[in-house]
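Student: Let's see this in three dimensions:
(one chain, ligands or ions: 1)
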Amino acid sequence: GINERTFLAIKPDGVQRRLVGEIIQRFERKGFHLVGMKLIQASEDLLKEHYIALRDRPFYNRLVKYMSSGPIVAMVWQGLEVVKTARTMLGETNPADSLPGTIRGDLCVDVGRNVIHGSDSTESARKEIKLWFSPEELVCWEDCAQQWIYE
Ligand SMILES: Nc1ncnc2c1ncn2[C@@H]1O[C@H](COP(=O)(O)OP(=O)(O)OP(=O)(O)O)[C@@H](O)[C@H]1O
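Tutor: This is a model prediction of the structure:
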């Protein structure tokens, strides 16, 4: 429904490359509803947990080190089919497979520097939101654009 939520994180390369405004603008303009956002330098422990499903992959340690090397913009966005739609807006994991018009298709070239993370299912979204945000950090607010975004 329209209360579905996803977890998005602008990775350290996205922050360093001044892509924060550009990326947030895409989700705002699409019509999604922002309910949580913070700039955070995450610990290796948090990232090991976040990427637990990838623990046997050869790039796991490098990925955890890189993701903890600088600030990340962690966000929770809400809206109809937001998990699936955000993944489409991100593009493929490898920027070379990402179409122009997607964030990775437009803004990056290397799979190890692909500027943004997005939850891959509603189940991962639920886990990731719980891992990255405390309940008090999520803001409930009346969205006056809602009647123009949803029938
Ligand atoms: N072959 C690789 N070499 C280096 N890094 C990789 C490689 N494959 C994946 N990664 C990194 O690990 C992250 C997680 O990989 P996963 O397969 O879960 O892709 P994803 O779900 O598209 O990415 P994310 O979880 O960041 O949205 C990728 O976004 C990328 O930064």
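Student: Any residues of the chain in contact with the ligand? List them.
Tutor: Contact residues, the chain versus the ligand (Cβ under 6 Å from any ligand atom): 54, 59, 63, 93, 111-112, 114, 117-118, 120. C-betas here are computed from N, CA, C, even on glycine.
Student: Can you say which of the residues you listed are buried?
Tutor: The neighbour count (16 or more other Cβ atoms under 10 Å) marks 63, 114, 117-118, 120 as buried among the residues of the chain next to the ligand.
Student: Now, these that are in strands?
Tutor: Counted as lying in strands by DSSP state E, out of those, are 117-118.
Student: hmm, back to that, pLDDT added to the residues of the chain next to the ligand, as a markdown table?
Tutor: Below are the residues of the chain next to the ligand laid out as a markdown table (pLDDT from 0 to 100):
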| residue | pLDDT |
| --- | --- |
| 54 | 98 |
| 59 | 97 |
| 63 | 98 |
| 93 | 98 |
| 111 | 98 |
| 112 | 98 |
| 114 | 98 |
| 117 | 98 |
| 118 | 98 |
| 120 | 98 |
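Student: Sitting in helices, which of those do you find?
Tutor: Of the positions in the residues of the chain next to the ligand, residue 63 sit in helices, assigned by DSSP state H.
Student: Go through the buried ones among the residues of the chain next to the ligand and name the one nearest the ligand.
Tutor: Taking Cβ to the nearest ligand atom as the measure, residue 117 is the one of these closest to the ligand, at 3.6 Å.
Student: got a list of what the closest residue to that closest one other than its chain neighbours touches?
Tutor: Closest residue to residue 117 apart from its sequence neighbours, by Cβ to Cβ, 6 or more residues apart in numbering: residue 9 at 4.4 Å. Applying Cβ atoms under 8 Å, 6 or more residues apart in numbering to residue 9 gives the contacts 72-75, 116-117, 132.
Student: 7 Å instead?
Tutor: By Cβ atoms under 7 Å, 6 or more residues apart in numbering, the residues touching residue 9 are 72-74, 116-117.
Student: From these, list the buried ones, please.
Tutor: Burial by neighbour count, 16+ other Cβ under 10 Å: within the contacts of residue 9 this picks out 72-74, 116-117.
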